[in-house]
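In: Build me a structure from this.
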Amino acid sequence: MTRVFNFSAGPAALPEPVLRQAADEMLDWRGSGVSVMEMSHRGKEFMSIHAQAQALLRELLAIPPNYKTLFMQGGAIAENAIVPMNMLRGKASADYIDTGEWSRRSIEEAARYGRVNVAATSKDSGYTRLPARETWQLDPEAAYVHICSNETIGGVQYHFTPEVGDVPLVADMSSEILSRPVDVAKYGLIYGGAQKNIGPAGLTIVIVREDLTGHALPCTPSAFDYAVVAAHDSMFNTPPTYAIYIAGLVFQWLKDQGGLAAMAQRNEAKARLLYDFLDASSFFSSRVERSCRSMMNVPFHLKDPSLDEAFLKGAQARGLVQLKGHRIVGGMRASIYNAMPLEGVQALVDWMQEFEAQHG
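Out: Down below sits the predicted model:
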């Protein structure tokens, strides 16, 4: 069996040891005689899987005790609605920072439930940078301030936690969560879909400060009310059991690698290798401002777009897959999440060097 280097933005590559363990346990989880997919979510076997995954997540992110960790469903797109349902808390508006396509979608969804103040935007740059913090027009009476900490499509990432005063900071961290340490206490709420750095699609991670729960809009479905989900330990409805199981295996793998500080060093090395090549090349380029380039999603362009298909075809032949850029920005995109080894990025750079030598 030949494994390729999968640069997909999501669902994304998983660590091979996790896949092998899941395969070994597929028919019989640790002597139970059943697959995890067949278990009752309230049986002692799955409850132990669930508890272990929760404990490992809290350990990896050093989550303070006054925060709830919720396993939900619907991905970040559903959470774009669930956040204002829970977080407006009787206030009229919320501040949003517009840094790309996923920020825009969050803004559109939130506008269904309250007034959205776009406090800053980088639209004028084509979303190739972050708006300078001093330009943000924040409302001190806002219910919360929302950011997308890493724009998967545009490749823009916050390398700092913005100071927003006493207003809770809310972050969609879908495509960077668990790639580096985070000071959870600086946020009121963190959420993200699992299909980038955590596991298969179907699971959404929510980390919310306990005092911010219990104020959901009357229209909020019970299964989307953070207080209800927390009170039932994410078991109000049947959770995505297999996705939680795989997430737990990934959490253990991350711990075995040395935790998030070690992963951050690896991710920085991978990103540096690719960006250094892009900056030295006259044939390939990155359009994102250097100060806010993503460590996870690296969009890049060929000098001659007519060669895009030839580049992708050659990459495919070399086992480098899912490199086509999102239709909104075009070009190429290499997503280099935790599970992408340095060898995969080196293989990509080698092919880029070869292609430039042939066509540059």
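
In: Please point out which parts of stretch 155-168 sit buried.
Out: For stretch 155-168, a neighbour-count test (16 or more other C-beta atoms under 10 Å) marks 155, 156, 157, 158, 162, 164, 167, 168 as buried. Quick note: C-beta positions are derived from backbone N, CA and C, even for glycine.

In: And stretch 23-43, by the same measure?
Out: Under 16+ other C-beta under 10 Å, the buried positions of stretch 23-43 are 29, 36, 39, 41.

In: of all those, which two lie farthest apart?
Out: 29 and 41 (13.6 Å; C-beta to C-beta).

In: List the residues that contact residue 235.
Out: Neighbouring residues of residue 235 by C-beta atoms under 8 Å, 6 or more residues apart in numbering: 41, 42, 50.

In: now, among these, which is nearest to residue 271?
Out: The shortest approach to residue 271 among the contacts of residue 235 belongs to residue 50, at 33.4 Å (C-beta to C-beta).

In: Please enumerate the strands of the stretch 101-250 of the chain.
Out: Remark: strands assigned in the stretch 101-250 of the chain by DSSP state E, counting those that start in this stretch are 115-121, 145-148, 150-151, 156-157, 169-172, 189-193, 204-209.

In: As PDB, could you dump the C-alpha coordinates of the fifth one?
Out: It stands for strand 169-172. Provided in PDB are the C-alpha atoms of strand 169-172 (Å, rounded to 0.1, in the frame of the first residue of the first chain):
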ATOM      1  CA  LEU A 169     -13.400  37.200  22.600                       C
ATOM      2  CA  VAL A 170     -14.900  34.400  20.400                       C
ATOM      3  CA  ALA A 171     -12.700  32.600  17.900                       C
ATOM      4  CA  ASP A 172     -13.300  30.200  15.100                       C
END
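
In: Quick one: list the elements packing against that strand.
Out: Applying 3 or more C-beta pairs under 8 Å, 6 or more residues apart in numbering; DSSP states H and E, one finds that strand 169-172 contacts helix 75-87, strand 145-148, strand 189-193.

In: Tell me the strands beside that strand, with direction?
Out: With DSSP bridges as the test, strand 169-172 is paired with strand 145-148 (parallel), strand 189-193 (parallel).

In: Now render those as a markdown table, adding distance to residue 204.
Out: Listed next are the strands paired with strand 169-172 as a markdown table, based on distance: least, C-beta to C-beta, whole Å:
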| stretch | distance to residue 204 |
| --- | --- |
| strand 145-148 | 15 |
| strand 189-193 | 6 |
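
In: Select, out of the ones you listed, the one closest to residue 298.
Out: strand 145-148 (16.8 Å).

In: got a list of contacts for that closest one?
Out: Contacts with strand 145-148, where a contact means C-beta under 8 Å, 6+ apart, come from 83, 94-97, 99-100, 102-103, 106, 110, 119, 138, 158, 162, 164, 167-172.

In: mind checking how far that strand is from the chain centre?
Out: In terms of C-alpha atoms, centre = their mean, to the nearest Å, the centre of strand 145-148 is set 14 Å apart from its chain centre.

In: quick one: low-confidence ranges for the stretch 201-350 of the chain?
Out: Within the stretch 201-350 of the chain, no stretch has pLDDT under 70.

In: Show me the helices in it, by range?
Out: Remark: helices assigned in the stretch 201-350 of the chain by DSSP state H, counting those that start in this stretch are 226-231, 241-256, 259-280, 308-317, 342-359.
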